[in-house]
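Participant: Sharing a sequence plus its predicted fold:
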Amino acid sequence: MPKVIVDGIEVDVPAGATVLQACEEAGKEIPRFCYHERLSIAGNCRMCLVEMEKAPKPIASCAFPAADGMVIKTDTPLVKKARNGVMEFLLANHPLDCPICDQGGECDLQDQAMAYGAGSSRFLENKRAVEDKYMGPLINTIMTRCIHCTRCIRFASEVAGVDDMGALYRGEHMEITTYLEGALASELSANVIDLCPVGALTSKPYAFEARPWELKKTQSVDVMDAVGSAIRVDSRGSEVMRVLPRLNEAVNEEWISDKTRYACDGLLRQRLDTPYVRKNGKLQPVDWPEALQTVAARLRSTKAEKIGAIVGDTVDVESMYALKSLLQGLGVTSLDCRQDGTKLTAGPRSGYVFNSTIAGIEEADFILLVGTNPRLEAPLVNARIRKRWLTGKLKVAAIGPVVDLTYPVTALGDSPALLADLIAGKSEISEALAKAERPMIILGQGALTRADGAAILAQARALTEKASLVRDGWNGFNVLHTAASRVGGLDIGFVPGAGGKDVAGILAAAEAGEIETVYLLAADEIDTDKLKNAFVIYQGHHGDQGAHVADVILPGAAYTEKEGIYVNTEGRVQLGRMAVFPPGDAREDWKILRALSEGLGKVLPFDTLAQLRQTLVAAYPVFAQVDHVEPAAWGAFGAEGSVDAAAFTYPISNFYMTDPISRASVTMAKCTEAFVLNSATEQTEKTGTHG
């Protein structure tokens, strides 16, 4: 390891480290604009200049490799003068926009100009002006502010995997743009807003809405997919103003998807904020006692075998546990958390989690995708796969329809029969799986939600065992979920009991009149037309599909309005935090169920969230450790059976609208129009708002 002396401090750095990294290892702060730890080195801004012994002039520390015996000085008059000069050049054309710039208060240029600037400028020439560019419905551009750091270009090309951005012209005429000025077509596009060190790229939906010092910041987790990205919810009063990423190396690094970031405006629209009861064929607002009495009376008067319950995709574990405890106390066995009909069961945990972990993707050398499009189902997982592929140490093959995943994929076809061929060793992929040191299978819901999903699951397990994907210190079998509540629901066994019906069975029985009462806990991704003959109790936060057929509506809280446990696709227990209060008379879901239990005479054994969690952990110890993935023991899962010859299809066609919150979002509607419905919309929006 090279030894570098930085301001008299000797540090050891790994081979290949840069001078900038050596300086940081020594505890020295080095200013920078173009350098970013997760992007390739550009060496554009020259703000990171330091003095190296025996060098004729200051060096750019971000691009200079550290060598043994190197002597670096970071705080000499020469360095100070060099940084002053660089800052003077950077500000030569930068407009005096700070009072009206959305980046104000959290701007790297502001901070570093204060710390490293000379305080004055010798330039008297007119500042240049650059025409703003169109980059889609999410990214607002004020390109006169751009300092050409190229972070956005490198992110789009390297992390997002879309080569839509680049630089035109040279010198002071250089401009950053998307090619043909089209929208930046990536599910991760808005991360360039966080990367931009000045106010050139800002958030279009958030433009002129708030200042950072006005906002209350709450650390939470995302529920728009099953990845469980670490987020920060910024709120003002009762309104969520924006959602930003938090650093979590094990899950999302420092990125989030566009849906995670921008679906939050759906929290303001189509909300359920008062209880309703259907009277004379019409929903009427009522108070809580009447609504709860109506539900309690209905549940008491209905036989247990004629009651069914379905849980939605964004429900917290505490609420599911409370509902399960309540209904099991009544003898109800038709319970299900698998809204999409996936054939996963609450058996061995290794059969329904992402065993390799998301960070484990960076160790894989071969990945087989089965019935999954991770780019739409889990963009952050897809970004990890691309990150590993960029190292040149990963090959990817896929069984399913051909789509652009932003990295090369060997397309094997879309027939489920290919799994049997792999087990029989009839494919080169069989040999590649067996020879790989860290092989992975990622099984998606496109394979598991079919009628033959259990048989496909059994085949995937057989292939895993045949190719020895489960080894000492490595489990290469992975299930990629699309619902934030799914793993937690399976962990607590929110599945049909003895003689109980699953989601399909509940819907069919309700249509036939065999099930008379259906309890929907934020469940909207089902065929609600089949519920018209049943008495429907809907507990949720949006007036979506479930509320339209409800006979009683109990307004609940969205994920930003309650404390809750969520378990991501890899089985990581995470805590969601309350950022704002629920609107109107809406209440946290577990509190509604606790109040309902009193009316039923089956009082649940907890009065506070802390007591509920104690009861939950006592029953299911897996929830005791937060932000920890416990390796699951391998076991038998799936069911033998015939496999349909029908080709795999993917579960998500519109990434931007997958749940009640995103369907209520105006921003997600604009993204759907721009990226899903009609790409020609990009041209018409060029004349739209540019902030």
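Facilitator: Now that the structure is in, tell me what you want to look at. Note that the coordinates shown come from a computational prediction; the quantities given were computed from them, not determined experimentally. Residues are numbered from 1 along each chain as shown.

Participant: Residues touching the helix or strand hosting residue 192, excluding its own?
Facilitator: For residue 192, the element it lies in under DSSP states H and E is helix 191-195. For helix 191-195, the surrounding residues in contact (Cβ atoms under 8 Å, 6 or more residues apart in numbering) are 36, 139, 151-152, 155-156, 159-160, 184, 201-203, 244-245, 254-256. Yep, even glycine has a C-beta here, placed from its N, CA and C like the rest.

Participant: Show the average pLDDT along that helix.
Facilitator: Across helix 191-195, pLDDT averages out at 96.

Participant: ok now that helix, how far from the chain's centre?
Facilitator: 16 Å (Cα atoms, centre = their mean, to the nearest Å).

Participant: Adjacent strands (with direction) for the helix or strand following that helix?
Facilitator: Next along the chain after helix 191-195, taking DSSP H and E as the criterion, comes strand 201-203. Its sheet considered, strand 201-203 pairs with strand 139-141 (antiparallel) by DSSP bridges.

Participant: If we go by neighbour counts, what in the partner strand is buried?
Facilitator: Residues of strand 139-141 classed as buried: 139, 140, 141 (neighbour count, 16 or more other Cβ atoms under 10 Å).

Participant: In CSV: those residues, plus distance to residue 236 and pLDDT.
Facilitator: Output for the buried residues of strand 139-141, formatted as CSV (distance: Cβ to Cβ, whole Å; pLDDT from 0 to 100):
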residue, distance to residue 236, pLDDT
139, 23, 95
140, 20, 95
141, 25, 95
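
Participant: So which of these is the closest to residue 472?
Facilitator: For those, the residue nearest residue 472 by Cβ to Cβ is residue 139; the value is 46.4 Å.

Participant: beta partners of that closest one?
Facilitator: On the basis of DSSP bridges, residue 139 is bridged to residue 203.

Participant: how close does it get to residue 252?
Facilitator: Look at residue 139 and residue 252: by Cβ to Cβ, to the nearest Å, they are 20 Å apart.

Participant: ok, and the closest non-adjacent residue to residue 542?
Facilitator: Nearest residue to residue 542 in three dimensions, chain neighbours excluded: residue 660, at 3.6 Å (Cβ to Cβ, 6 or more residues apart in numbering).

Participant: Repeat that for residue 629.
Facilitator: Residue 629 sits nearest to residue 572 (Cβ to Cβ, 6+ apart), 5.0 Å away.

Participant: Also residue 447?
Facilitator: Leaving aside its sequence neighbours, residue 447 sits nearest to residue 371 (Cβ to Cβ, 6+ apart; 2.8 Å).

Participant: List phi and psi for that neighbour.
Facilitator: Phi and psi for residue 371, reported as degrees, to the nearest 10, are phi 60, psi 40.

Participant: where's residue 278, which helix or strand?
Facilitator: Using DSSP H and E, residue 278 maps to strand 276-279.

Participant: Return the set of buried residues in the one helix or strand residue 322 maps to.
Facilitator: Following DSSP H and E, one finds residue 322 within helix 317-329. By neighbour count on 16+ other Cβ under 10 Å, the buried set for helix 317-329 is 317, 318, 319, 320, 321, 322, 323, 324, 325, 326, 327.

Participant: low-scoring pLDDT stretches of the stretch 51-200 of the chain, where are they?
Facilitator: Along the stretch 51-200 of the chain, the model assigns pLDDT under 70 to no residue.

Participant: in it, which spans are helices?
Facilitator: Here the stretch 51-200 of the chain has its helices, by DSSP state H, counting those that start in this stretch, at 77-91, 108-116, 151-154, 191-195.

Participant: Of these, give the one that comes closest to residue 475.
Facilitator: Relative to residue 475, the nearest member of the helices of the stretch 51-200 of the chain by Cβ to Cβ is helix 191-195, separated by 30.2 Å.

Participant: Redo the helices of the stretch 51-200 of the chain as CSV? Include distance to residue 207 and mean neighbour count.
Facilitator: Shown next, in CSV, are the helices of the stretch 51-200 of the chain (distance: least, Cβ to Cβ, whole Å; neighbours: other Cβ atoms under 10 Å):
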stretch, distance to residue 207, mean neighbour count
helix 77-91, 23, 17
helix 108-116, 18, 17
helix 151-154, 18, 22
helix 191-195, 11, 21
